[in-house]
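Student: Fold the stuff below for me.
(2 chains)
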Amino acid sequence: MSAESVFYLLAGAAVLSAVLCVVQRNPVASALWLVSTMFALAGLYVLLNAQFIAAIQVLVYAGAVMVLFLFVIMLLHVGREASDMRGRGSRVAAGAIGLLLLAELFVLSRVTPGGLAVLSGGVGGAGSPLEAFPAGRAGQLAPAAEGVVGAIARPLFQTYLIPFEITSVLLLAAAVGAVVLAKRRL
Amino acid sequence: MLLGPSLLVSALLFTIGVAGVLLRRNAIVLFMCIELMLNAVNLTFVALSQVLGLDGQVIVFFVMTVAAAEAAVGLAIILAIFRHTRSVDLKHINLLRG
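Tutor: Numbers count the residues shown, from 1 in each chain, chains lettered A, B, ... in the order given. Got it, this is the predicted structure:
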């Protein structure tokens, strides 16, 4: 199987699971279809040469975040009541807004590497796209030199060190905030 | 390379997320649709990091952190609201409606 056919298989699985996640009446089924979407996306990340992101997608998203969702769903015992779909007017509006947004994004997604090179002021369309983007070529060569994780770690701990440290404060604030909000009485 | 198809898949997933937010009234499912939209944006970042360098993947790392924090706080708020109204249906959460 070529990489392209695997890509289309995983992409189809991701989109199908996402649709099922939205239309399922039971929140638990909805959450499990979302987990399926996230696993398919992790596969796509591997095909796009982002193995580290694929690993933390499975660990953080499909693991931690979705378990939190399932905990809350089961704690509240919701989903036994009637459908929570909105009425006809809202459905028409949702369809119209969705189609409009999809058309807009479709136009945007027709960006080719050559066209992107012209937009971002590169040399534009000359030969292979990687020729036009030195940063992209460096990004593809880095994993071979310093490993998949090392290639991400270098920008993370050099260029983005301050945002990384701020992120730790954000996580602490979120943990404290979640405890304060969810606890009945402190 | 697969840049164009990746962006198309991302557009589809984002639209499905938006449609989900507009269609459902269950606050927890609404949150899951927001996670779906964040995932679609992550796919765009990863696809474009192929041509624009590894910075895109670092941004995805930050997006995941913020999404985890958002899910924790959001679900705590939903728990608090459920304790108040005994429901997670947005129909019953209308305290701020005039």
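Student: neighbours of residue A:76, just the number please.
Tutor: Residue A:76: 19 surrounding residues under other C-beta atoms under 10 Å in any protein chain shown. (Each C-beta comes from the backbone N, C-alpha and C, glycine too.)
Student: What residue, apart from its backbone neighbours, is nearest residue A:152 spatially?
Tutor: residue A:52 (5.0 Å; C-beta to C-beta, 6 or more residues apart in numbering or on different chains).
Student: which stretch of helix or strand covers that neighbour?
Tutor: helix A:51-56 (DSSP states H and E).
Student: Can you list the buried residues in the single longest helix found in chain B?
Tutor: Criterion DSSP state H: the longest helix present in chain B is helix B:55-85. By 16 or more other C-beta atoms under 10 Å in any protein chain shown, the buried positions in helix B:55-85 come out as B:55-62, B:64-65, B:67-79, B:81-82.
Student: restrict those residues to those near chain A?
Tutor: By C-beta under 8 Å from any C-beta of the partner chain, the members of the buried residues of helix B:55-85 lying near chain A are B:55, B:57-58, B:60-62, B:64-65, B:67-73, B:75-79, B:82.
Student: Stretch A:136-151 near chain B anywhere?
Tutor: Yes: for stretch A:136-151, a contact with chain B is found by C-beta under 8 Å from any C-beta, at A:136, A:138-140, A:142, A:151.
Student: That stretch: how far from the chain's middle?
Tutor: Mean C-alpha position of stretch A:136-151 versus that of the full chain (C-alpha atoms, centre = their mean, to the nearest Å) differs by 21 Å.
Student: Can you report how many residues neighbour the residue nearest to residue A:152?
Tutor: 21.
Student: on that earlier part again, and the buried ones among the residues of stretch A:136-151 next to chain B, selectable in PyMOL?
Tutor: To isolate the buried ones among the residues of stretch A:136-151 next to chain B in PyMOL, judged by 16+ other C-beta under 10 Å, type:
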select buried, chain A and resi 136+139+140+142+151
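Student: Name the nearest residue to residue A:45, ignoring sequence neighbours.
Tutor: Excluding the flanking residues, the one nearest residue A:45 by C-beta to C-beta, 6+ apart is residue A:54, at 3.8 Å.
Student: doesn't residue A:43 make contact with that neighbour?
Tutor: Yes: counting by C-beta atoms under 8 Å, residue A:54 does reach residue A:43; the two are 7.3 Å apart.
Student: Can you give me the domain boundaries for chain A?
Tutor: Listed by automatic domain parsing, the domain ranges of chain A are A:1-79, A:94-132, A:133-186.
Student: Comparing these, which comes out most buried?
Tutor: Stretch with highest mean neighbour count among the domains of chain A: domain A:1-79 (a mean of 19; mean count of other C-beta atoms under 10 Å in any protein chain shown).
Student: From the chain's centroid, how far away is that domain?
Tutor: The chain centre lies 9 Å from the centre of domain A:1-79; the measure is C-alpha atoms, centre = their mean.
Student: tell me the secondary structure for residue B:96?
Tutor: Judged by DSSP: H, G, I helix; E, B strand; the rest coil, the three-state class of residue B:96 is coil.
Student: Tell me how many other residues surround it.
Tutor: Residues within reach of residue B:96, counting by other C-beta under 10 Å, total 5.
Student: for it, phi and psi?
Tutor: Dihedral angles of residue B:96 (phi, psi; degrees, to the nearest 10) stand at phi -90, psi 0.
Student: Would you mind giving me the confidence score for the nearest residue to residue A:98 once chain neighbours are set aside?
Tutor: Spatial nearest neighbour of residue A:98, chain neighbours left out: residue B:19 (4.3 Å); criterion: C-beta to C-beta, 6+ apart. At residue B:19, the predicted lDDT confidence score is 92.
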